[in-house]
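J.: just the structure for this:
(one chain, ligands or ions: 1)
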Amino acid sequence: MTPQLLTRYADILAAVERVDATAYARTRNYTDGAVSYLSPYISRGVISLPYVRERVLSRYSRQQAYTFIFELAWREYFQRQWYQLGDQLWSDIKAPQQGAVHHGVPDALQQGTTGITAIDTAIQQLYTTGYMHNHVRMYIASIACNIARAHWTQPARWLYYHLADHDLASNTLSWQWVAGTFSSKKYYCDQSNINKYCHIQQRGTFLDVPYEYLPDLAIPQILKAHSVPGLHTILPDIPAPQFRYDKPLLIYNACHLDPLWRADMDANRVLLLEPEHYRQYPVSPHVLSFILRLAENIPGIQLFCGSIEDLLRTGNFPQVYTRQHPTTLHYPGIKDQPEWLFPQVTAVPGSFMSYWKKCEKYL
Ligand SMILES: Cc1cc2nc3c(=O)[nH]c(=O)nc-3n(C[C@H](O)[C@H](O)[C@H](O)COP(=O)(O)OP(=O)(O)OC[C@H]3O[C@@H](n4cnc5c(N)ncnc54)[C@H](O)[C@@H]3O)c2cc1C
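T.: Numbers count the residues shown, from 1 in each chain. Below is the predicted model:
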C-alpha cells in the first residue's frame, strides 16, 4: 500500500477509526502489514497518544489492543527520554559507536541504488510520500551504520529531513539503538529477513550471507562512496502577521498543531517556525508543505518565521500560551501539560522493557 499523507483534520480522525488492532498485532512487522500510518499526525501534535488509545479501546478489548498500545508506548518512552537527556540525544548515549569509520551517508542509500530492491523502492517512496515502514527504517539504519560503518548522526539527519513524522527523539534514539550506542548490541539484518518481511525472493545481494558473518563483513563496494547531503529548510517568505495586542497569544509549532487546543479562546494564534531550529534540524520542502497544510485546520492561525524573541518583540500580548514540549522549553508564558499515555510513570529507566513493565500496571 502507498500511504497517502492526510491533511484535513476530519480525515485524520477517520484514519484513527480505521486502526485494525488485531490485524496489527499479527502483521505489523511486514511492509504490507496493517500498520496505522498515524505517526505523521501524532508527531506533529495533531492527535495525541491518549486520544488514539481511547478510540482504539472503544472498539477492541485491552487484550486485543495490547500490541498496538505497547507500540504507542515506544513513542512515549522516547519522548520521556528526550526530556531526560536534553542535548545528550545528539551524542552516543551508552557507549561510543564501535567500528564507525566515517561521518557521511552512503550515496547508494541517498540515491536508492543499493541493489536491494525492497530498500531502493522504500527510499523512492520516502521521497514521494514522507513515510517509511518501521522495519525498513531499521534495515536502512543497519546498512548505514553497521555494514557501511557510518557514524549514525548524518544518516539520521538525512532520514529525519524526509520523514513527515520526523521526531528528534524517536529518530535519534532509534538510530542509536540500531548502531549499538543506545542498546547492548548492534542490530543486523540479512537478506532472508528482508525477503520474509517484504515478501520478496531476492538473492545475491551484499546482505545474502550467513547472519553470523555480518558483523565482520568488509564494506561492500556499492556502499563505499559516501557524502554529507546538503540539507536545507526553505522557510516561506511571508509578510508579518497582523496581531491584536489586546488579546492573548497562542503559540503552535510543528510538534504542536492540535486544532482542539484552547479552541474556545478568543486569541491570536501563530505557527512559529524558528530559523535556528530548522538550520540545526532541516526538513524537506515536501515535509514543510505538510506542516503548513496541517496548520490550516486551526482557524485564524498566522505564520511567523523568526525566533521567539522576534515574535514577542512585535508587541505586548496580555498572556502567552503554549504546550509543554522539548521544543517549547525556551518559550515564555503558560505551558499546558502534555497529554501522556501513562502520566503516572515519570521516571524513565534505561531500557524500554523496564519502562513498559511500570506502564503495564496502569493499562
Ligand atoms: C531508524 C528509525 C528512525 C525512526 N524515526 C522516527 C521518527 O522520526 N518519528 C517517528 O514518529 N518514529 C520514528 N521511528 C519509529 C517508527 O518507525 C515509526 O513511529 C513508525 O514506523 C510509524 O509508522 P506507523 O504510524 O504506521 O506505526 P504503527 O506501527 O502503526 O504504530 C502506531 C504508533 O505507535 C508509535 N510507534 C510505533 N512503533 C514505534 C517505534 N519503534 N518507535 C516510536 N514510536 C513507535 C508511533 O507513534 C506510531 O504512529 C523510527 C524508527 C527507526 C528504526
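
J.: in three-state terms, label the nearest residue to Asn253 once chain neighbours are set aside for me.
T.: Nearest residue to Asn253 in three dimensions, chain neighbours excluded: Leu272, at 5.3 Å (CB to CB, 6 or more residues apart in numbering). The C-beta positions use only the backbone N, C-alpha and C, and glycine is treated the same way. Under DSSP: H, G, I helix; E, B strand; the rest coil, Leu272 falls in the strand class.

J.: pLDDT at Leu272, what is it?
T.: With respect to pLDDT, Leu272 scores 98.

J.: now Thr346
T.: 91.

J.: burial of it, as a residue count?
T.: Applying other CB atoms under 10 Å, we find 11 residues neighbouring Thr346.

J.: when you give positions from now on, start the count at 14
T.: Got it, first residue is 14 now, which makes that one Thr359.

J.: hang on, the earlier thing: does the residue nearest to Asn266 have beta-bridge partners, and which?
T.: Judged by DSSP bridges, the bridge partners of Leu285 are Phe317.

J.: right, and it touches Leu263 too?
T.: No: at 10.4 Å, Leu285 does not count as touching Leu263 under the criterion of CB atoms under 8 Å.

J.: distance check, the nearest residue to Asn329 once chain neighbours are set aside against Phe303.
T.: Closest residue to Asn329 apart from its sequence neighbours, by CB to CB, 6+ apart: Tyr258 at 6.0 Å. Using CB to CB, to the nearest Å, we find Tyr258 at a distance of 31 Å from Phe303.

J.: the two: who's more crowded?
T.: Higher neighbour count among Tyr258 and Phe303: Phe303, with 21 against 11, using other CB under 10 Å.

J.: returning to that earlier point: got a list of what the residue nearest to Asn266 touches?
T.: By CB atoms under 8 Å, 6 or more residues apart in numbering, the residues touching Leu285 are Ile264, Tyr265, Asn266, Phe317, Gly319, Ile321, Leu324.

J.: tell me how many other residues crowd His115.
T.: With other CB under 10 Å as criterion, His115 counts 16.

J.: do you know the pLDDT at it?
T.: At His115, pLDDT is 98.

J.: from Trp171, how far out is it?
T.: Counting by CB to CB, the gap from His115 to Trp171 is 14 Å.

J.: now swap in Trp353 and tell me
T.: Here Trp353 is placed at a distance of 30 Å from Trp171 (CB to CB).

J.: wait, doesn't His148 sit right on Tyr200?
T.: No: applying CB under 8 Å as the test, His148 and Tyr200 come out as separate, 10.9 Å apart.

J.: so the two - more neighbours on which side?
T.: Remark: of His148 and Tyr200, His148 carries more neighbours, 22 against 16, as counted by other CB under 10 Å.

J.: and the more buried one, that's in a helix?
T.: Yes: according to three-state DSSP, His148 belongs to a helix.

J.: list the contacts for it?
T.: Asn42, Tyr43, Thr44, Tyr210, Cys211.

J.: how about a cut-off of 6 Å?
T.: Asn42, Tyr210 (CB atoms under 6 Å, 6 or more residues apart in numbering).

J.: repeat for Ile207
T.: Counting by CB under 6 Å, 6+ apart, Ile207 has contacts Ala131.

J.: get me the contact residues on the protein for the ligand.
T.: On the criterion CB under 6 Å from any ligand atom, the ligand has as its neighbours in the chain the residues 41, 48-52, 55-56, 84-85, 87-88, 91, 147, 150-151, 154, 172-173, 176, 178-180, 183-184, 187-188, 191.
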